[in-house]
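Peer 1: next comes the sequence, and after it the predicted model I'd like to discuss.
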Amino acid sequence: MGLLDGLTTDENIKVETDSLGGFQALDSNVYDFKIKNAFITLSSGKAMAFNIHCKSTDGKELRQQLWVASGEAKGCKNYYIDKKTGDKRYLPGFNQANAICLLTVGKELSKLETTPGVAEVYGEKTKVDVLKDLIGQDITLGVIKQLVDKTAKNPDTGDYEPTGESKTENEIDKVFRARDGLTVTEIRAKLTDPVFKGKWTEKWNGQVKDKTTNTSGAVAGAPAAKRTAGAAAPVDDLFV
């Protein structure tokens, strides 16, 4: 009996397929998604994250973690103080998560109820607080493909520092209402023409934002919508 005689070739066993495998970052563009899961997690320092898992109409998947509140060391707040102006400004992650809530179910994130559940976080099943109202909702997202530093923990300082290598990842940059492409800002201004969606697409479609520390000339971010510092405008039937 030969060394390899015990290896089986059977037509009932599934054969290999051509597949690139691994994570594939989406190209920068506007995508129509259906929310498959949405839940809240806390870091070891009690910072709060809004997690969203969604799938596009052509099967592309996006998983994003948006930090909506700081940890205990910074007061567990969803805003920060601008050092230059002294104004209160919402955390970028909170703005994105709150927009997703407003443009799907017409409610602020703070008004949604959570229920205990289990979800996959970093490849492991973890107990989470699920936002059931968002599951199954349609949302349109402006997604940017960006180049970022790979980091590793410095054993001397305990800080995570760039390794000199980079990786690509996706970032939700702008949120649009699925049925008409309007942003939160446009809806609050009672506009009916989704002008910003076209501007965003013209600027970012197919682009890669370089956020590595070695770059000399990263692409500037999309224009920020003007808003009054402090609390968001009251929510009414504009969003439903």
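Peer 2: Yep, it's here. Everything numeric in this text was worked out from a predicted model, so none of it was measured.

Peer 1: any weak-confidence spans in this structure?
Peer 2: For the chain, the stretches with pLDDT under 70 are 1-23, 215-240.

Peer 1: need the helices for it, in chain order.
Peer 2: Under the criterion DSSP state H, helices of the chain are mapped to 92-105, 184-188, 195-204.

Peer 1: among those, which is the most enclosed?
Peer 2: helix 92-105 (a mean of 23; mean count of other CB atoms under 10 Å). Quick note: C-beta positions are derived from backbone N, CA and C, even for glycine.

Peer 1: packing partners for that one?
Peer 2: When contacts are defined as 3 or more CB pairs under 8 Å, 6 or more residues apart in numbering; DSSP states H and E, helix 92-105 packs onto strand 29-42, strand 48-56, strand 61-69, strand 138-153, strand 160-176, helix 184-188.

Peer 1: which among these is found nearest to Val130?
Peer 2: strand 29-42 (4.7 Å; CB to CB).

Peer 1: which neighbouring elements make contact with that closest one?
Peer 2: Using 3+ CB pairs under 8 Å, 6+ apart: strand 29-42 touches strand 48-56, strand 61-69, helix 92-105, strand 115-121, strand 124-130, strand 138-153, helix 195-204.

Peer 1: next, format those as TSV and append distance to Leu26.
Peer 2: Listed next are the helices and strands packed on strand 29-42 as TSV, based on distance: least, CB to CB, whole Å:
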stretch	distance to Leu26
strand 48-56	8
strand 61-69	6
helix 92-105	16
strand 115-121	19
strand 124-130	24
strand 138-153	5
helix 195-204	12
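
Peer 1: sorry, back to before: how about the helices of the chain in JSON lines, adding distance to Lys84?
Peer 2: Listed next are the helices of the chain as JSON lines, based on distance: least, CB to CB, whole Å:
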{"stretch": "helix 92-105", "distance to Lys84": "16"}
{"stretch": "helix 184-188", "distance to Lys84": "22"}
{"stretch": "helix 195-204", "distance to Lys84": "25"}
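
Peer 1: nearest to Tyr122 among these would be which one?
Peer 2: Among the helices of the chain, the nearest to Tyr122 by CB to CB is helix 92-105 (17.3 Å).

Peer 1: can you list contacts of that closest one?
Peer 2: The contact list for helix 92-105 (CB atoms under 8 Å, 6 or more residues apart in numbering) reads 35, 38, 49-50, 52, 66-69, 78-79, 90, 107-109, 111-112, 133-134, 137-139, 172, 175-178, 182-184, 187, 232, 235, 239-240.

Peer 1: next one: the closest residue to Ile81 other than its chain neighbours from Asp149, what distance?
Peer 2: Nearest residue to Ile81 in three dimensions, chain neighbours excluded: Lys88, at 6.1 Å (CB to CB, 6 or more residues apart in numbering). Lys88 sits 29 Å away from Asp149, going by CB to CB, to the nearest Å.
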